[in-house]
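Chemist: take this sequence and fold it.
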Amino acid sequence: MENHVRSKRSAGLAVLAAGLLSLSLAAYAGLKAGSKAPDFSAQASLGGKVFSFSLAEALKQGPVVLYFYPAAFTSGCTVEAHEFAEATDKFKALGATVIGVSHDDIETLNKFSVSECRSKFAVAADPDLSIAKSYDATAWFMPGHSDRTSFVIAPDGTVLYSYSALSPDAHVKNTMDALQRWKATQKQ
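Modeler: Numbering: from 1, shown residues only. Next comes the predicted model:
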């Protein structure tokens, strides 16, 4: 009986610790709103075609939704890519460009951009994590990978919104909501 009680107590403590960890990870985000977004250029792929993505150039067209993800073709990253692909037309209607960034090489991203991003938005290679580091979006729990962190960047280069959570579930909704709030404040 005593072992059963001890086992239940240990299981309860493990659930509590996991819950607190997930809450603290969801609250953590790289650069905060109001920060200046670091400029970057990187090799990217859209529909399996390689090009040079420049944040500065993209911002001339409107806001940018920049999201970091740990690795192409993993379950959470695939779900997130599908959700961003489904929402890309809505982001475009708000004048925004979507770009995903991971440590993957460009050959992997060529395949990922077609199959999982459905040729709807670009994904950029950050093999040395220099971009992720500049956004404070590296995964402390998984060295060599970026964290799952999303940003909305205004055309002036200011971070409007940032969000980090291991679960891909709220990234599209949260960035869309932040973009819509910003858009509502802009003169037509």
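Chemist: the closest residue in space to residue 61 that isn't next to it in sequence - how many residues pack around it?
Modeler: Residue nearest to residue 61 in three dimensions, not counting chain neighbours: residue 97, with 6.2 Å by Cβ to Cβ, 6 or more residues apart in numbering. Using the backbone N, CA and C atoms, a C-beta is placed for each residue, glycine as well. Counted with other Cβ atoms under 10 Å, residues neighbouring residue 97 total 21.
Chemist: my read is that residue 97 contacts residue 67, right?
Modeler: No. Under the criterion of Cβ atoms under 8 Å, residue 97 is not in contact with residue 67, lying 11.7 Å apart.
Chemist: just want the most central residue of the chain.
Modeler: residue 67 (2.4 Å; Cα atoms, centre = their mean).
Chemist: wait, it sits on residue 84?
Modeler: Yes. Between residue 67 and residue 84 there is a contact at 7.0 Å, judged by Cβ under 8 Å.
Chemist: who touches both of the two?
Modeler: Here residue 67 and residue 84 have 98, 100, 171 as joint contacts, going by Cβ atoms under 8 Å, 6 or more residues apart in numbering.
Chemist: and the residues you listed, which of them are in strands?
Modeler: 98, 100 (DSSP state E).
Chemist: name only those of the shared contacts of residue 67 and residue 84 that count as buried.
Modeler: 98, 100, 171 (16 or more other Cβ atoms under 10 Å).
Chemist: can I get those in TSV with pLDDT?
Modeler: Shown next, in TSV, are those (pLDDT from 0 to 100):
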residue	pLDDT
98	98
100	98
171	97
